[in-house]
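*Asks:* Sequence and predicted model, in that order:
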Amino acid sequence: NSINFLIFFSIFYLIYRKANLKFQSWLLLLGGIIFYSFWNYKMTFLLLFCIYFNFLAGIQLEKISSEFKRKRVLVLTIILNLVILFIFKYTVFVIQSFNDLSGLAGGNLKITLIDIILPIGISFYTFHNISYIYDVYKQKIKPTKNLLTYAVYDLFFPLLLSGPIERAEKLIPQIENKRTLTSEKFQSGLILVLWGIFKKVFVSDNLAPFVNLALDPKESIPPGLVYFVAAAFAFQVYSDFSGYTDAARGMARMIGFELSLNFNLPFISTNPSEFWKRWHISLSTWLRDYVYIPRGGNRNGIWGQNRNLMIVWILGGLWHGATYGYLIWGVYCGLQVVIYNMYAEIKTKYFHSANSISAGIQTQNSKNPLISVSQRLCGKSLLTTAVSIFTTFMLFGLGLLLFRVENPTHLMRLIDNMNGIYLNWVLIGKILFYISPVLILDSLQVWSKDLEYFSSSKISPVLAYGLLLLFSIQFCLFSVFESKEFFYFQF
């Protein structure tokens, strides 16, 4: 969302579209290095080191026939990846936790906090590498023997900083094989890029000042305002993060790649379990495939399943950040899913309730079904569905506030604020105005039962030009034209 990047990508694309496959790959590598170095060129060497040792480990796993030795290579490689992540992301948190515990115990032993630069996107590329090594070990994929291919897999700049966390089995074949660039892909990709940036600069960046002011520990807010803050923060994060991944998918499509869908209309979810199948899909499926299932998944009954879910969610919380707030957030989300699962189990077992009716429509890029609201109403009343959606949304929004809590006193003030009722029609109007583009396009996708509806040729010209005019006016008159960092870059 900066002029520098616009210039960078324009030059990159003009050269890329004229190049052959091998030169395109070298260009992608160079583009990834330049893109990452814009933030901190020194940390690029750390990323290149991670690329090299994971590449070598993959080759070793194929060469070694002894299962014991293969497992040793797997474990050592994963440990090295996690040690690097731990040093840069969790060292300060561990020292702070030790100092806090020492203080609670009445001790005087304190460790001096050290200043460590957190490499941008380190959580994303660490998970990228671990999934590759694990899949090679399980022989789901063959390791690439081309260092350039693996380097592009890790340095693919559209998804480098905030995902989606793409699997090697999907991305590496696209790197190795000839890519076709068509006007249809360019147009569809460009629409996704523009929509993603629009969500960032109009929706997210306009909601941010209100959220930042309300969550400032020094500020006192009217009783009940916390509910509006939670709703605004939820749309801020959604527009920011989904905006980045839409732009990433769009840029990738323009240069001949297809990336996985990362958001599937999460705010129409009717329960926490469904919500987390629709939000940050690449992370939730990663945790499912590489943590939850290897630990036994749901094979050990409902209690074993819930134990594994809580482990996954605690890790998911810590993946987001090394603070008490993120840890509590992980527990909070895990408990929601566990409680809902137990409720669903009891309901099914003792009341023989029919499952909600869901329909599957397949998008070009994902096997995730788009479940339409109209089809749910075949099995539920309008009121029940609306209450379920609203409750799920507010549980998510209130949980997000834990990202911004600075200390226990701040947390208690927010909890106390929930006891009041606040109504301000001007504030409601402003929030609805800023989130209106998301509400409109998400509703269109539900109505059309097509997640690619607005970026494809299926949309009627009259509707397309009408939306373009509306969003252009909003963009020109009300967007925040400062280059503000994306929310998920901190992870």
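*Replies:* Arrived safely, thanks for sending.

*Asks:* Measure how buried the nearest residue to N108 once chain neighbours are set aside is and give me the count.
*Replies:* In this structure, N108 finds its nearest non-sequential neighbour in S102, 7.6 Å apart by C-beta to C-beta, 6 or more residues apart in numbering. For glycine as for every other residue, the C-beta is placed from the backbone atoms N, C-alpha and C. Applying other C-beta atoms under 10 Å, we find 14 residues neighbouring S102.

*Asks:* what about the closest residue to L21 other than its chain neighbours, which SS state?
*Replies:* Among residues not flanking L21 along the chain, K178 sits closest, at 5.4 Å (C-beta to C-beta, 6+ apart). Per DSSP: H, G, I helix; E, B strand; the rest coil, the secondary structure class of K178 is coil.

*Asks:* And the pLDDT for K178?
*Replies:* For K178, the model assigns a pLDDT of 90.

*Asks:* average model confidence for the one helix or strand L30 maps to?
*Replies:* Taking DSSP states H and E as the criterion, L30 maps to helix 21-63. For helix 21-63, mean pLDDT rounds to 90.

*Asks:* who does that helix touch, helix- and strand-wise?
*Replies:* Applying 3 or more C-beta pairs under 8 Å, 6 or more residues apart in numbering; DSSP states H and E, we find helix 21-63 packed against helix 3-16, helix 67-89, helix 122-137, helix 147-155.

*Asks:* circling back: what angle sits between the helix or strand containing the residue nearest to N108 and helix 67-89?
*Replies:* Taking DSSP H and E as the definition, one finds S102 inside helix 91-104. Using axes from the mean of the first three to the mean of the last three C-alpha atoms, to 10 degrees, the direction of helix 91-104 lies 70 degrees away from that of helix 67-89.

*Asks:* and helix 91-104, which residues are buried?
*Replies:* Neighbour counts using 16 or more other C-beta atoms under 10 Å place 92-93, 99 of helix 91-104 among the buried residues.

*Asks:* now what about it, what contacts it?
*Replies:* With contact meaning C-beta atoms under 8 Å, 6 or more residues apart in numbering, helix 91-104 is reached by 108-111, 113-114, 116, 322-323.

*Asks:* Output stretch 197-214 as CSV, restricted to C-alpha atoms.
*Replies:* Extracted in CSV, the C-alpha atoms of stretch 197-214 (Å, rounded to 0.1, in the frame of the first residue of the first chain):
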residue,chain,number,x,y,z
ILE,A,197,-5.9,-2.2,-1.1
PHE,A,198,-9.3,-0.5,-0.9
LYS,A,199,-10.3,-2.6,2.2
LYS,A,200,-7.0,-1.6,3.8
VAL,A,201,-7.0,2.2,3.1
PHE,A,202,-10.7,2.9,3.3
VAL,A,203,-12.2,0.4,5.8
SER,A,204,-9.3,-0.6,8.1
ASP,A,205,-7.3,2.6,8.2
ASN,A,206,-10.5,4.7,8.9
LEU,A,207,-11.6,2.4,11.7
ALA,A,208,-8.1,2.3,13.3
PRO,A,209,-8.1,5.9,14.9
PHE,A,210,-11.4,5.2,16.8
VAL,A,211,-10.2,1.8,17.9
ASN,A,212,-6.8,3.1,19.0
LEU,A,213,-8.2,6.0,21.0
ALA,A,214,-10.9,3.8,22.7
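
*Asks:* so how far is it from its chain's centroid?
*Replies:* Its chain's C-alpha centre and that of stretch 197-214 lie 18 Å apart, by C-alpha atoms, centre = their mean, to the nearest Å.
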